[in-house]
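>>> Sequence plus predicted model, see below.
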Amino acid sequence: MTFFCRTGTRVRDMAAVFAVILLLSACSEPQQDQQQPPPPVRFTTVEATDVTTEAEYAGRVRGSREVEVRSRVEGILLERLYNEGQIVAAGDELFRVDPERYEIAVQRAEAELANARASYNQAQREWRRISGLYEQNAVSERDRDQAQSALELAEAGVALARAGLASAQLNLDWTRVTAPISGVTGLETVSEGSLISTGALLTTITQTDPVHVRFSLPERDAVMQQRARQAMHGRGETTEQTARLELPDGREYATPGRVDFTDATIDPRTGSVSARAVFPNTDGELVPGQFVRIRMTTRSFEQVFSVPREAVAQGADGARLFIVGDDDTVSARLVELGPTSGESRIIISGLENGERVVVSGLNNLRDGMPVQAQPVEANPESASEQGDA
């Protein structure tokens, strides 16, 4: 009997202790929650604006025209009349081929022309004599026809001799090889004193003003560019698009260019579309073969919002932003995203003018949570002092 009384007393004592512990823990939790201040966040106030997005592509500079200079006659290459790498104008003399055999050919053609003219003069005199006698019935009709045929053959002989002289003169002129375009000359491919054949490559000339920049558009960007051009064409606007260049040292090229060609087919190996832009190069700052980056506008949006990319959170239902209300509580808002523009993300729908969007301190934020909100323009030190106060 004594054993059971002692055991019941011990049980009652232990139950009382556990009750006190539970009561103390229940009382301490609200006190801890009340001691934690609202988390600090920073926000930006958004306003709708018109936004254009740009894309950047790697490209190579090429001459707008690259022409091979070839010999049009055969012979000994006597002389090179330019310095390799020199800028030449169209028509400047570059090479000279030995002209002696072609000078002789011209003299022969001149002699043949003189002979043909003499034959023509004789045939003309004979025709006048025979035609007069025919009118007097002194010669037969056959004699008159023969004289007329001889005159016509002599006339054709003169024309043939003229053509031979023109051909010989042309070959003589071609012994002086001139620049077909203005540009920068390359290295000579045949040295002086060599025997060259017709069509032999002598050098190349690259036209560097303007220059072409070749680059590739990803398939998605190419489709957007095509739609933009179609829309502009429908409004009667020009379909050429402006482009800008970033030089290898990071500087932006002063003069903008224009995209004048986009291929109609997509390369199945790379999934890209070849394109070309034209840039003026009066000062010769752009060099063929140079690696550059080309920037161009891809899309234009009217009355949309831009927020820093770090302000966008991804939830189970999609992209969302945290909006700071007038009572300094945050609410989660689902938004429709557009493309990125630099360090910003375009928000197509889901925001209103003047709303405050949280851009930092998003970790552990929950819908309806109170916060200490400071604008991004505020001094972080002053903001922390206010939070401590």
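Right, received. Where do you want to start? Numbering: from 1, shown residues only.

>>> Which strands or helices does the lengthiest helix in the chain pack on?
Across the chain, the longest stretch assigned as helix under DSSP state H is helix 100-135. If you count contacts as 3 or more Cβ pairs under 8 Å, 6 or more residues apart in numbering; DSSP states H and E, helix 100-135 packs onto helix 141-173. Bear in mind the C-beta positions are built from the backbone N, C-alpha and C, glycine included.

>>> ok now the helix it packs on, how far from the chain's centre?
58 Å (Cα atoms, centre = their mean, to the nearest Å).

>>> looking just at contacts, which helices and strands does that helix meet?
By 3+ Cβ pairs under 8 Å, 6+ apart, helix 141-173 packs against helix 100-135.

>>> Could I get the average pLDDT for the helix it packs on?
Computed over helix 100-135, the mean pLDDT rounds to 95.

>>> any idea of the pLDDT on the spatially closest residue to residue 364 that is not a sequence neighbour?
If the residues on either side of it in the chain are set aside, residue 364 comes closest to residue 39, at 7.1 Å by Cβ to Cβ, 6 or more residues apart in numbering. On the pLDDT scale, residue 39 is placed at 88.

>>> Tell me how many other residues crowd residue 39.
16 (other Cβ atoms under 10 Å).

>>> ok, residue 347 - contacts?
46, 304, 305, 306, 307, 321, 335, 336, 337, 338 (Cβ atoms under 8 Å, 6 or more residues apart in numbering).

>>> Assumed it was part of a strand.
Yes. Looking at residue 347 with DSSP: H, G, I helix; E, B strand; the rest coil, it is inside a strand.

>>> So for the nearest residue to it once chain neighbours are set aside, what's the pLDDT?
Of all residues not flanking residue 347 in the chain, residue 305 sits nearest, at 4.2 Å (Cβ to Cβ, 6+ apart). pLDDT, residue 305: 91.

>>> Flag every buried residue along the helix or strand hosting residue 305.
Secondary structure from DSSP states H and E places residue 305 in strand 291-308. For strand 291-308, burial by neighbour count (16 or more other Cβ atoms under 10 Å) applies to 292, 293, 294, 295, 296, 298, 299, 301, 304, 305, 306, 307.

>>> From residue 349, how far off is the residue nearest to residue 347?
Using Cβ to Cβ, to the nearest Å, residue 305 is found at 9 Å from residue 349.
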